[in-house]
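[1] Below is the structure, and that's it, no one-letter string:
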Ligand SMILES: CC(C)(COP(=O)(O)OP(=O)(O)OC[C@H]1O[C@@H](n2cnc3c(N)ncnc32)[C@H](O)[C@@H]1OP(=O)(O)O)[C@@H](O)C(=O)NCCC(=O)NCCS
């Protein structure tokens, strides 16, 4: 087995998030993002009210999540957040979340997915590159701490 790969029988379950998952999702956001984490109101809106796709990876508890915002009459979706608990990284979980998300978005007729990633976030950039995303432009001073971001997209 490739280093870091999981035994397929140990794969986490990838499922749509439920409102009962809110606390776990919020906790995971707190762990994975320092300055750019969601306010709980934003997270609640994305989970419960927005036109969104929110998936979680569950293995005992919730160990990963992805939040995607859809818009009425627009065939583009935006990945708002993707994270995997530090203790479970490099085991293919983000890759599973992305694959499932892309499949669901295609089923919904979405034609393009976009996202922003920090210029220094090489793990995430490698992941998106492996999923066929390309850099559209650089966004200067995008984050609260002044860091630049890359705007990426992928046609579906
Ligand atoms: C980015 C993140 C979601 C990756 O999650 P993960 O479950 O560890 O990723 P995977 O195991 O599915 O890795 C898939 C691919 O991503 C890339 N990758 C993931 N972690 C990496 C790392 N530490 N260094 C380099 N490449 C990495 C690799 O190409 C990897 O494929 P490989 O294992 O065959 O080399 C995770 O590190 C994370 O939650 N980071 C903090 C939050 C964040 O930055 N989210 C993205 C915001 S845009």
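    Thanks, I have it. Please read these numbers as outputs of a predicted model, since none were measured by experiment. Numbers count the residues shown, from 1 in each chain.

[2] Point out where the protein drops to low pLDDT.
    1-10, 35 (pLDDT under 70).

[3] any idea where the helices of it begin and end?
    All helices of the chain, identified by DSSP state H, fall at 22-32, 40-44, 93-107, 122-130.

[4] and of these, who's closest to residue 147?
    Comparison of the helices of the chain against residue 147 by C-beta to C-beta identifies helix 122-130 as nearest, at 13.0 Å. In this view, the C-beta of every residue, glycine as well, is placed from N, C-alpha and C.

[5] That closest one packs against which elements?
    Helix 122-130 sits against helix 93-107, strand 112-118, strand 149-155, with contacts defined as 3 or more C-beta pairs under 8 Å, 6 or more residues apart in numbering; DSSP states H and E.

[6] one step back: turn the helices of the chain into JSON lines, including distance to residue 150 and mean neighbour count.
    Listed next are the helices of the chain as JSON lines, based on distance: least, C-beta to C-beta, whole Å; neighbours: other C-beta atoms under 10 Å:
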{"stretch": "helix 22-32", "distance to residue 150": "19", "mean neighbour count": "16"}
{"stretch": "helix 40-44", "distance to residue 150": "22", "mean neighbour count": "15"}
{"stretch": "helix 93-107", "distance to residue 150": "17", "mean neighbour count": "18"}
{"stretch": "helix 122-130", "distance to residue 150": "7", "mean neighbour count": "15"}
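
[7] would CSV of these with distance to residue 84 be doable?
    Below are those laid out as CSV (distance: least, C-beta to C-beta, whole Å):
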stretch, distance to residue 84
helix 22-32, 7
helix 40-44, 17
helix 93-107, 5
helix 122-130, 10
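
[8] quick one: the residue most central in space within the chain from residue 11, how far?
    The centroid of the chain falls nearest to residue 82 when counting by C-alpha atoms, centre = their mean (2.3 Å). Distance, residue 82 to residue 11, by C-beta to C-beta, to the nearest Å: 18 Å.

[9] And residue 43, by the same measure?
    Distance of residue 43 to residue 11, computed by C-beta to C-beta: 26 Å.

[10] One more: residue 30?
    According to C-beta to C-beta, residue 30 stands 25 Å off from residue 11.

[11] do the same with residue 125
    For residue 125, the distance to residue 11 - C-beta to C-beta - is 24 Å.
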